[in-house]
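>>> Okay, predicted coordinates and the sequence, questions at the end:
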Amino acid sequence: RKTGNKLAILSRFSLLVSELKNIRLSFLTSFIIMAESKFDNNAMFKLDDDADDNKPNYGSTSSEFQLEGNISNSKPKDIAGDRFSSSDFQDPEVQQDDKAGAAPAAEGQSKSWCPALSPKFYQEYFDVTTQDVRQRLLWGLVPTSTRLSDIVETNPDLYGPFWLYTTSIFVLVAFPNMSKFVTTGEETSYVAEFDFVPIATILVYGVGFLFPLLLYIICRCLGNKIPFVRTTAIYGYSGTPWLIAFFLSTFPYTALQWLSLLYAFGSSTVLLLISYKKMLETLQPRHRLYILGFIGVVQITLLLVYKFVFFKFSL
């Protein structure tokens, strides 16, 4: 009896294996057929001319589909990708009317209600070369020249000011910590000032972009329309002397720190006053003095913050 059960189990197992083989063969066969029909677009619509000759001709009219012409001369749709839509069954005139009506709607959707919020608005202001940025940084060190203002007037950019602000943040975090490390005695352990990171980020980015924005708004309220991007670019490149002052202030000598920071303050302020004065010519003299005084107050505030917050360590 045990032998019979084993034989029955083996026979069922062999039947199961044969069925699985048949299923696998049928699956492979169907897959090959589908693959061939996928890569050969004409295979599904190819007509056998000999077979058509042997078929009886039931006649045809002009309103019927001409299979030989339509199928052989037209490119069939991809069954796996394309789907028939309602437009495939519309008259050409109806399709043209629909496209004409949809064109104004598409144009309305492409226009944003606030172009300044779109990345494409700022794309042209980052299209500068390394030579352009280097030249503008060098002219930012010449406070009595209007060359920087003339260059920015024809081709303003935000690439240089952005990376100049980013570099200033790194310098304001690294160099004061180096100065503190030098001034730390052997009796006390050195502790890095990581609080400089948020302070420098808020100060540099905030003043670098909010100050031109406030200046732009104030001038608009006073009836003078100044270009915002040009104002931002001039203010950004005017910060080049500050980088030199930050480097010199790393040495923990109070006199050297004050001299370097005062140099940067004077050079940057004179450059801003000369560059912005040309842009503020249409304002009344009294309003012009108010704006120039506002620029001077911002510059003095930066000078004091840089000295008493960041470069406060000295021997």
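Looks like it came in fine.
>>> Which secondary structure elements does the strand or helix carrying Leu303 sit against?
Following DSSP states H and E, one finds Leu303 within helix 285-305. The contact analysis (3 or more C-beta pairs under 8 Å, 6 or more residues apart in numbering; DSSP states H and E) places helix 285-305 against helix 196-221, helix 254-279. The C-beta positions use only the backbone N, C-alpha and C, and glycine is treated the same way.
>>> which one of those helices is the most hemmed in?
Mean neighbours per residue, mean count of other C-beta atoms under 10 Å, is largest over the helices and strands packed on helix 285-305 for helix 254-279, with a mean of 19.
>>> Report all helices and strands that that one contacts.
helix 147-154, helix 228-237, helix 240-248, helix 285-305.
>>> swap the cut-off to 10 Å and go again
Judged by 3 or more C-beta pairs under 10 Å, 6 or more residues apart in numbering; DSSP states H and E, helix 254-279 is in contact with helix 147-154, helix 196-221, helix 228-237, helix 240-248, helix 285-305.
>>> circling back: need the helices and strands packed on helix 285-305 in a markdown table with mean pLDDT and distance to Tyr159, can you?
Formatted as a markdown table, the helices and strands packed on helix 285-305 follow (pLDDT from 0 to 100; distance: least, C-beta to C-beta, whole Å):
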| stretch | mean pLDDT | distance to Tyr159 |
| --- | --- | --- |
| helix 196-221 | 93 | 13 |
| helix 254-279 | 93 | 19 |
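>>> Which stretch among those helices approaches Ser314 most closely?
helix 254-279 (4.5 Å; C-beta to C-beta).
>>> Quick one: work out the angle between that closest one and helix 240-248.
With axes from the mean of the first three to the mean of the last three C-alpha atoms, to 10 degrees as the basis, helix 254-279 and helix 240-248 are set at 170 degrees to each other.
>>> So which bits of the helix holding Leu303 are buried?
Neighbour counts over helix 285-305 (16 or more other C-beta atoms under 10 Å) mark 287-288, 291, 295, 298-299, 302-303 as buried.
>>> ok, residues contacting that helix?
With contact meaning C-beta atoms under 10 Å, 6 or more residues apart in numbering, helix 285-305 is reached by 172, 199-200, 203-204, 207, 211, 214-215, 218-219, 221-224, 226, 235, 238-239, 242, 245, 258, 261-262, 264-266, 268-270, 272-273, 276-277, 279-284.
>>> what about the helix or strand Val182 falls within, average pLDDT?
In this assignment (DSSP H and E), Val182 forms part of helix 159-183. In this model, helix 159-183 has an average pLDDT of 93.
>>> what comes up buried for it?
For helix 159-183, by 16+ other C-beta under 10 Å, it's 159-162, 164-165, 168-169, 171-173, 175-177, 179-180.
>>> Can you pull out the low-pLDDT segments for this protein?
Low-confidence segments of the chain, defined by pLDDT under 70: 1-117, 121-122, 186-187, 315.
>>> Please name the residues that touch the nearest residue to Leu213 once chain neighbours are set aside.
The shortest distance from Leu213 to any non-neighbouring residue, by C-beta to C-beta, 6 or more residues apart in numbering, is to Phe228 (7.0 Å). Neighbour list for Phe228: 116, 156, 209, 212-213, 215-217, 219-220 [criterion: C-beta under 10 Å, 6+ apart].
>>> What of Leu215?
226, 228, 231-232, 235, 272, 276, 279-280, 291, 294-295, 298 are the contacts of Leu215 under C-beta under 10 Å, 6+ apart.
>>> before we move on, what about Thr232?
Going by C-beta under 10 Å, 6+ apart, the list of residues near Thr232 reads 125, 152, 156-158, 161-162, 208-209, 211-213, 215-216.
>>> possible to save the helices and strands packed on helix 254-279 as JSON lines with distance to Val133?
Listed next are these as JSON lines, based on distance: least, C-beta to C-beta, whole Å:
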{"stretch": "helix 147-154", "distance to Val133": "11"}
{"stretch": "helix 196-221", "distance to Val133": "16"}
{"stretch": "helix 228-237", "distance to Val133": "9"}
{"stretch": "helix 240-248", "distance to Val133": "11"}
{"stretch": "helix 285-305", "distance to Val133": "23"}
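>>> sorry, back to before: could you check the angle helix 196-221 makes with the helix holding Leu303?
180 degrees.
>>> could you dump helix 285-305 to CSV, C-alpha only?
Output of helix 285-305 as CSV, limited to C-alpha atoms (Å, rounded to 0.1, in the frame of the first residue of the first chain):
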residue,chain,number,x,y,z
PRO,A,285,17.9,117.7,-3.7
ARG,A,286,16.3,117.3,-0.3
HIS,A,287,15.1,113.7,-1.0
ARG,A,288,18.5,112.9,-2.5
LEU,A,289,20.2,113.9,0.7
TYR,A,290,17.9,111.7,2.7
ILE,A,291,18.7,108.7,0.6
LEU,A,292,22.4,109.3,0.7
GLY,A,293,22.2,109.8,4.5
PHE,A,294,20.4,106.5,4.7
ILE,A,295,23.2,104.8,2.8
GLY,A,296,25.7,106.3,5.2
VAL,A,297,23.8,105.1,8.3
VAL,A,298,23.7,101.5,7.0
GLN,A,299,27.4,101.5,6.2
ILE,A,300,28.3,102.9,9.7
THR,A,301,26.1,100.2,11.3
LEU,A,302,27.9,97.5,9.3
LEU,A,303,31.3,98.9,10.5
LEU,A,304,30.3,98.8,14.1
VAL,A,305,28.8,95.3,13.9
